[in-house]
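**Student:** Sharing a sequence plus its predicted fold:
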Amino acid sequence: MKRKIRLKRRWDKYMIPLPFSRMTFTVHPPLEVHKKEFDALPEKIRLIMDGEPRGEGNKIP
């Protein structure tokens, strides 16, 4: 987001887009998570967000 108002005193650094701002959205297919694989979830999400393909090696069963 190029044109924005950033609320710096908030814990999450919330941003409000200004009119005519250009934004980019990335959408991924939903993940199915089971309790026994919950501990490995942060690493799997990082791999997906970094753009690595979701082949069998990165798939969350």
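**Tutor:** On my side now, so go ahead.

**Student:** Show me which helix or strand of the protein is least confident by mean pLDDT.
**Tutor:** One helix or strand of the chain scores below all others by mean pLDDT, DSSP states H and E: helix 41-49, with a mean of 81.

**Student:** where does residue 16 fall, phi/psi-wise?
**Tutor:** phi -110, psi 120 (degrees, to the nearest 10).

**Student:** can you check residue 6 too?
**Tutor:** phi -110, psi 130.

**Student:** What does the pLDDT read for it?
**Tutor:** pLDDT recorded at residue 6 is 85.

**Student:** Please, where are all the strands along the chain?
**Tutor:** 4-6, 15-17 (DSSP state E).

**Student:** Dump those strands to CSV, plus mean neighbour count and distance to residue 44.
**Tutor:** (Glycine included, C-beta is placed from N, CA and C.) What follows is these, written out as CSV (neighbours: other Cβ atoms under 10 Å; distance: least, Cβ to Cβ, whole Å):
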stretch, mean neighbour count, distance to residue 44
strand 4-6, 11, 30
strand 15-17, 12, 27
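
**Student:** Please render the ones you listed as CSV that adds distance to residue 30 to the earlier fields.
**Tutor:** Below are the strands of the chain laid out as CSV (distance: least, Cβ to Cβ, whole Å):
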stretch, distance to residue 30
strand 4-6, 28
strand 15-17, 25
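
**Student:** Which one of those lies nearest to residue 24?
**Tutor:** strand 15-17 (11.6 Å; Cβ to Cβ).
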